[in-house]
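Enquirer: Task: produce atomic coordinates for the following.
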Amino acid sequence: MQHSGATHSDIGIYVHIPFCQSKCPYCDFYSITDLNRIPDYLDALKKEMNAAKTDGVRADTLYIGGGTPSLLSSKQMGAIVDWAAGCFNLDPGAEMTLEINPATATARDLQDYAAFGFNRLNIGVQSFNDQNLSFLGRRHSTQQALAAVKAGTDAGFSNIGLDLIFGLPEQTPGAWKNDLMQAIRLAPKHLSCYLLTYEPHTPLHADLQNGRFTALSELRAADLFRMTHDFLGAAGYQHYEISNYAQNTRWRSKHNQKYWNFSPYIGLGPAAHSCRLPVRWWNHRSLDNYLHDILQGRLPRADQEHLTEEQQMIEALYLGLRQSDGIFFKAFQNRFHIDFKLYFHTALDRFSAEGWLETDDRHCRLTVEGMLFLDRIVDELVEMIN
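Expert: Prediction:
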């Protein structure tokens, strides 16, 4: 619920690149493997940007994710940046993030990306263990991951983030600690550590259902979560959101914080979401439908929702408590006209007694232990809203 110094006309821009060389079995983000369709997609994306541009706004973050953005040529990537700058008044000091896959980004690409103005690299490492990478269906090796980080540093990127996945079947604390040790040796400014989830309709979920392996127990996954917090904390990383760590406040993801703090953002490309309270809308999760709408001269929206005050409050609870800063009482009261401590006091007292929550005069926040029970805590608070 914290509001930064950004004005309300500052927006975030997300561009989804819906292409991959092959689909990772755990991933449920929208992507296709027919790379011949990239030119058609880029033509449509340019049209969507022109149709979505809004007067009087300034974008202070640009995030290009996927899919695998690094499958585009440098020239194509440069064009996207130019279009975004032209349509959304991209701030000269904007945080510009690019997701790269160690299997596809070359040293030359990374130099080009830096020249286009990207100042933040997010590298999808997932693990520094080749056996784990194989289980996750990743196309890169540990060596390629290390080479990608070095190439990023050599290209002049000072702000590099790594994505890691933990909680794999039979993963031991020692094995996960090896991944974390290897990660901090590289001194990234940012680390995202995601618990492996088995999303419905993914091949990995089907393998689990068919008994090809057994998922790690919740207890063991919780132990790994605690260990991540302690280990990265000791290495100087701030745990600022359930899955995210930064070397200090400066290196937190400005773009992702927009999602958590209800700042306006525009998502472009198939399956991308946008939000300008109280309205949220999203694009077709299909390149065919996306292209069809744009060729017909209309925005490729699949649907939209108008969030009620109550829905906004529920999201404010969930998203606020995901963050280490927690929920600021004054901001909550200004927004919802509710005295947070008074309204939720019975649950807050109980959660504090359990050791799940810390409260002071300004805000309340979950402890590491409380983060393990986030859903349960929010469910109980939601039940109190009448």
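
Enquirer: for stretch 81-96, which positions count as buried?
Expert: 81, 83-85, 87-91, 94-96 (16 or more other CB atoms under 10 Å). All C-beta atoms are positioned from the backbone trio N, CA, C, and that covers glycine.

Enquirer: Need the distance between the two termini of it.
Expert: 9 Å (CA to CA, to the nearest Å).

Enquirer: which outside residues touch it?
Expert: The set of residues external to stretch 81-96 that reach it, using CB atoms under 8 Å, 6 or more residues apart in numbering, is 10-11, 13, 15, 45-46, 49-50, 52-54, 57-63, 116-120, 253-255, 266.

Enquirer: I'd like to know which of the residues you listed are buried.
Expert: 10-11, 13, 15, 45-46, 49, 52, 57, 59-63, 116-120, 253-255, 266.

Enquirer: In helices only, show me those.
Expert: 45-46, 49, 52, 254-255 (DSSP state H).

Enquirer: Out of those, which two sit at the greatest distance?
Expert: Pairwise distances across these peak at 25.1 Å for K46 and K254 (criterion: CB to CB).

Enquirer: Give me the three-state assignment for R226.
Expert: Assigned with DSSP: H, G, I helix; E, B strand; the rest coil, R226 falls in the helix class.

Enquirer: Which residue is the nearest non-sequential neighbour of it?
Expert: Excluding the flanking residues, the one nearest R226 by CB to CB, 6 or more residues apart in numbering is V368, at 6.2 Å.

Enquirer: Tell me the backbone dihedrals of the one you found, please.
Expert: For V368, the backbone dihedrals are phi -60, psi -40 (criterion: degrees, to the nearest 10).

Enquirer: Just give the number of residues close to it.
Expert: As a burial measure, V368 scores 17 neighbours (other CB atoms under 10 Å).

Enquirer: Tell me how far it lies from R350.
Expert: 18 Å (CB to CB, to the nearest Å).

Enquirer: same question, G326
Expert: From G326 to R350 the distance is 17 Å (CB to CB).

Enquirer: So for these two, which sits in the more crowded spot?
Expert: G326 (21 against 13).

Enquirer: Quick one: residues contacting the residue nearest to the more buried one when sequence neighbours are not counted.
Expert: Ranked by CB to CB, 6+ apart and with sequence neighbours excluded, the top spatial neighbour of G326 is R365, at 2.8 Å. Neighbour list for R365: 321, 323-327, 357-358 [criterion: CB under 8 Å, 6+ apart].

Enquirer: Apply 10 Å and report the result again.
Expert: Neighbouring residues of R365 by CB atoms under 10 Å, 6 or more residues apart in numbering: 320-321, 323-328, 357-359, 371.

Enquirer: Could you confirm it falls within a helix?
Expert: No - assigned with three-state DSSP, R365 falls outside any helix and is strand.

Enquirer: Can you name the residues bridging to it?
Expert: Judged by DSSP bridges, the bridge partners of R365 are E358.

Enquirer: Distance-wise, check it relative to S31.
Expert: 35 Å.

Enquirer: Break down the stretch 101-250 of the chain into its helices, ranges please.
Expert: With DSSP state H, counting those that start in this stretch, the ranges of helices along the stretch 101-250 of the chain come out as 107-115, 130-135, 142-154, 173-185, 203-209, 218-234.

Enquirer: related to what we said a few turns ago, separation between the residue nearest to R226 and T106?
Expert: V368 is 39 Å from T106, by CB to CB.

Enquirer: For the residue nearest to G326, give me the pLDDT.
Expert: Among the per-residue scores, R365 shows a pLDDT of 97.

Enquirer: Output the below-cut-off pLDDT ranges for this structure.
Expert: For the chain, applying pLDDT under 70 flags the ranges 1-9, 386.

Enquirer: longest strand anywhere in it?
Expert: Across the chain, the longest stretch assigned as strand under DSSP state E is strand 90-100.

Enquirer: how far does that strand sit from the chain's center?
Expert: 15 Å (CA atoms, centre = their mean, to the nearest Å).

Enquirer: And stretch 300-319, what's buried?
Expert: 300, 302, 307, 313-319.

Enquirer: In those residues, find the pair that's most separated.
Expert: Among the buried residues of stretch 300-319, P300 and L317 lie farthest apart (CB to CB), at 31.6 Å.

Enquirer: Please report the distance of L195 from Q111.
Expert: 35 Å.

Enquirer: Ok, F231 next?
Expert: For F231, the distance to Q111 - CB to CB - is 33 Å.

Enquirer: what do you get for A59?
Expert: 24 Å.

Enquirer: Grab the nearest non-local neighbour of L277.
Expert: F262 (5.9 Å).

Enquirer: The one you found contacts Y318, doesn't it?
Expert: No - with contact defined as CB atoms under 10 Å, F262 does not reach Y318; the gap is 11.7 Å.

Enquirer: So for the two, which residues contact both of them?
Expert: By CB under 10 Å, 6+ apart, no residue touches both F262 and Y318.

Enquirer: Contacts only, for T228.
Expert: 164, 166, 176-177, 179-180, 191, 193, 195, 237, 239, 243, 245, 368.

Enquirer: Run through the bridge partners of I160.
Expert: L121.

Enquirer: whoops, I mixed them up, F328
Expert: Here F328, judged by DSSP bridges, has bridge partners H363.

Enquirer: gap between it and E241?
Expert: 15 Å.

Enquirer: And for T308?
Expert: In terms of CB to CB, T308 sits 25 Å off from E241.

Enquirer: Same question for R335.
Expert: Counting by CB to CB - R335 and E241 are separated by 20 Å.

Enquirer: I184 contacts G233, correct?
Expert: No - between I184 and G233 there is no contact under CB under 10 Å: 11.3 Å.

Enquirer: Of the two, give the one with the bigger neighbour count.
Expert: Taking other CB under 10 Å, I184 and G233 do not tie; I184 has more neighbours (18 against 13).

Enquirer: Many thanks, we can stop here.
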